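S.K.: Below are the sequence and a predicted model; questions follow.
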Amino acid sequence: MTAGTHNPTAAEAEAMSPVAHGQGISRATVWFLAISVGVIFVDITAPQTLIGVIAPDLRIGEGWAGLIGTASLLGYAVGLFFLVPLSDLIENRGLVIGMLSVAVISAIGAALAPAALPFLLLLFTLGAACSAIQVLVPIAAAMAREFERGQVIGDVMSGVMVGVLLSRPIASFVADTLGWRAFYVLSAGSMAVLIPLMRSRLPVRRPEATGSYAAVIASLSMLLGTEPVLRRRSLTAALGMAAFTVFWTAIALRLSQAPFNLNQSHIALFALVGASGAIVAPLAGRAGDHGWTRRLTVAAHVVTILGFALAAFADRLGGPVWWPLALLGLAAVILDVGVITDQTLGRRAVNLLKPEARGRLNALFVGIFFLGGAFGSAAAGYAWAQGGWPLVCAVGAGFGALSLISDFVGDRASRG
């Protein structure tokens, strides 16, 4: 270190050393980040499971009860487009800690909320603050060496997918045993524990971009218009997420009917099966680092379609009830493998585009595929009402097919 420079603390020196000396990111830090994003993400989708117990307690009518499930998702989307781009302007570790502090306060407020309006506003704020997840991803990408970047991103994002898949059973279990308010108390506590750990384990990352916040926000449309890889990978990820939400929105309705007749606790256990598909995220990242991106992307779309084909076939089987139930569980795993593989490879490709715009690129990528997820959820409800499980599977497979087609069209256009 040259004379006159700032001497960091021991914790800062340890956190910064992988970047400073080109040693890459430590495995302990990778898994810390994966666990962190999983813990944070539970708050985004858990309210969907708690609607049945929160609505009557806060006297929210049936016509408005859906707001409980969408408030945090809407807040998360707003955070992606208006808070995450700050990571290209503001020192990242401090930004994450600030957003997590707001998330902790919001979760405590939600646990104490006496009425519907303050509760929904707090859920919105909580969702926006939880977009800190997408600030952690560029930090991990910046710490990683280029040849391992896909592996690192895949490892970290496996935490997000586990959070997505485990949020429903965790929320159901806590609400059944301790009440729904206890879920938000425990959530606040878990995120509060992360704050000092973030300070000690993460490096100081000062972004390369300069300019005003307004200019950074305005640049989102410019990035989307000038980066064909971003457009193509965001579109396929959005269609994959639509397929994902089609399945997981409608499967609880199907499992509650004959011949399965599962209760809420049993459906929550079924959701645990899908979590095993998250293991593919780090594997897909490694494969991308070794040049397998194109082949695996095509395979991911095909696997998504096959997952719905198996789910439709399972529904038509007779015999003992455990047999079609097991096939539905296998279909869930296959579907999750396809969707997670596509998202991991897409995120890797996006993070290789422009280091100075990594925060904005992640915000656009994730924001667009979450819009796809919202559309898929709406499509699942309509398909279920019009044609039951067979139409749900057809719609989900259709999203997978559109993802495959759009990828081929985009690839040919980029070559031409």
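M.R.: Done, it's in. The structure displayed is predicted, hence computed values, not measured ones.
S.K.: Kindly report the domain assignment for the protein.
M.R.: Split into domains by automatic domain parsing, the chain comes to 22-207, 211-416.
S.K.: Tabulate the ones you listed (a markdown table), appending mean pLDDT.
M.R.: A markdown table is the format used below for the domains of the chain (pLDDT from 0 to 100):
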| stretch | mean pLDDT |
| --- | --- |
| domain 22-207 | 86 |
| domain 211-416 | 85 |
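S.K.: Export those domains as JSON lines, with columns for mean neighbour count.
M.R.: C-beta: built from backbone N, CA, C; applies to glycine. What follows is the domains of the chain, written out as JSON lines (neighbours: other CB atoms under 10 Å):
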{"stretch": "domain 22-207", "mean neighbour count": "20"}
{"stretch": "domain 211-416", "mean neighbour count": "19"}
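S.K.: Contact partners for the residue nearest to the spatial centre of the chain?
M.R.: The centroid of the chain falls nearest to residue 160 when counting by CA atoms, centre = their mean (4.8 Å). By CB atoms under 8 Å, 6 or more residues apart in numbering, the residues touching residue 160 are 37-38, 41, 133.
S.K.: now the strands: where do they sit in the stretch 301-416 of the chain?
M.R.: Counting by DSSP state E, counting those that start in this stretch, one finds no strands in the stretch 301-416 of the chain.
S.K.: before we move on, back to that, nearest to residue 143 among the contacts of residue 160?
M.R.: Comparing the contacts of residue 160 against residue 143 with CB to CB places residue 37 closest, at 14.7 Å.
S.K.: one step back: how about the contacts of residue 160, which pair is most distant?
M.R.: With distances taken as CB to CB, the most widely separated pair in the contacts of residue 160 is 38 and 133, at 9.2 Å.
S.K.: on that earlier part again, and the residue nearest to the centre of the chain, which of the three is it?
M.R.: Secondary structure state of residue 160, per DSSP: H, G, I helix; E, B strand; the rest coil, is helix.
S.K.: Any figure for the gap between it and residue 256?
M.R.: 27 Å (CB to CB, to the nearest Å).
S.K.: Then residue 346?
M.R.: Counting by CB to CB - residue 346 and residue 256 are separated by 34 Å.
S.K.: returning to that earlier point: now the contacts of residue 160 as a markdown table including secondary structure?
M.R.: A markdown table is the format used below for those (three-state DSSP):
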| residue | secondary structure |
| --- | --- |
| 37 | helix |
| 38 | helix |
| 41 | helix |
| 133 | helix |
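S.K.: so where do the helices sit in the stretch 251-400 of the chain?
M.R.: Ranges of helices in the stretch 251-400 of the chain, per DSSP state H, counting those that start in this stretch, are 264-275, 280-289, 293-315, 322-351, 358-415.
S.K.: by how many degrees do the longest one and helix 293-315 diverge?
M.R.: Counting by axes from the mean of the first three to the mean of the last three CA atoms, to 10 degrees, helix 358-415 lies at 90 degrees to helix 293-315.
S.K.: what angle do helix 358-415 and helix 322-351 make?
M.R.: Going by the same axes, to 10 degrees, helix 358-415 makes 100 degrees with helix 322-351.
S.K.: Helix 358-415 packs against which elements?
M.R.: Under the contact definition 3 or more CB pairs under 8 Å, 6 or more residues apart in numbering; DSSP states H and E, helix 358-415 sits against helix 66-82, helix 133-143, helix 213-226, helix 228-255, helix 293-315, helix 322-351.
S.K.: For residue 192, grab phi and psi.
M.R.: phi -60, psi -40 (degrees, to the nearest 10).
S.K.: Excluding chain neighbours, what is closest to it?
M.R.: Excluding its sequence neighbours, the residue lying closest to residue 192 (CB to CB, 6 or more residues apart in numbering) is residue 104, at 4.9 Å.
S.K.: neighbouring contacts of the helix or strand where that neighbour lies?
M.R.: Assigned by DSSP states H and E, residue 104 belongs to helix 92-112. Helix 92-112 is contacted from outside by 40, 43, 79, 83, 86-87, 118-119, 122-123, 125-126, 129-132, 135-136, 138-139, 181-185, 187-188, 191-192, 194-195, 198-199, 202-207, 359, using CB under 8 Å, 6+ apart.
S.K.: Restricted to helices, list the residues you listed.
M.R.: Among the contacts of helix 92-112, DSSP state H puts 40, 43, 79, 118-119, 122-123, 125-126, 129, 135-136, 138-139, 181-185, 187-188, 191-192, 194-195, 198-199, 359 in helices.
S.K.: can you tell me which residues contact the residue lying closest to residue 176 once chain neighbours are set aside?
M.R.: Nearest-residue entry for residue 176: residue 265, 6.8 Å, with adjacent residues in sequence omitted and distances by CB to CB, 6+ apart. Taking CB under 8 Å, 6+ apart, we find residue 265 in contact with 172-173, 176.
S.K.: Chain neighbours aside, what residue packs nearest to residue 376?
M.R.: Here the residue nearest residue 376, using CB to CB, 6+ apart, is residue 242, at 3.1 Å.
S.K.: give the contact list for that neighbour.
M.R.: Taking CB under 8 Å, 6+ apart, we find residue 242 in contact with 372-373, 375-376, 379, 399.
S.K.: one more time with 10 Å
M.R.: 339, 369, 371-380, 395-396, 398-400, 402-403 (CB atoms under 10 Å, 6 or more residues apart in numbering).
S.K.: ok, it to residue 358 distance?
M.R.: 25 Å.
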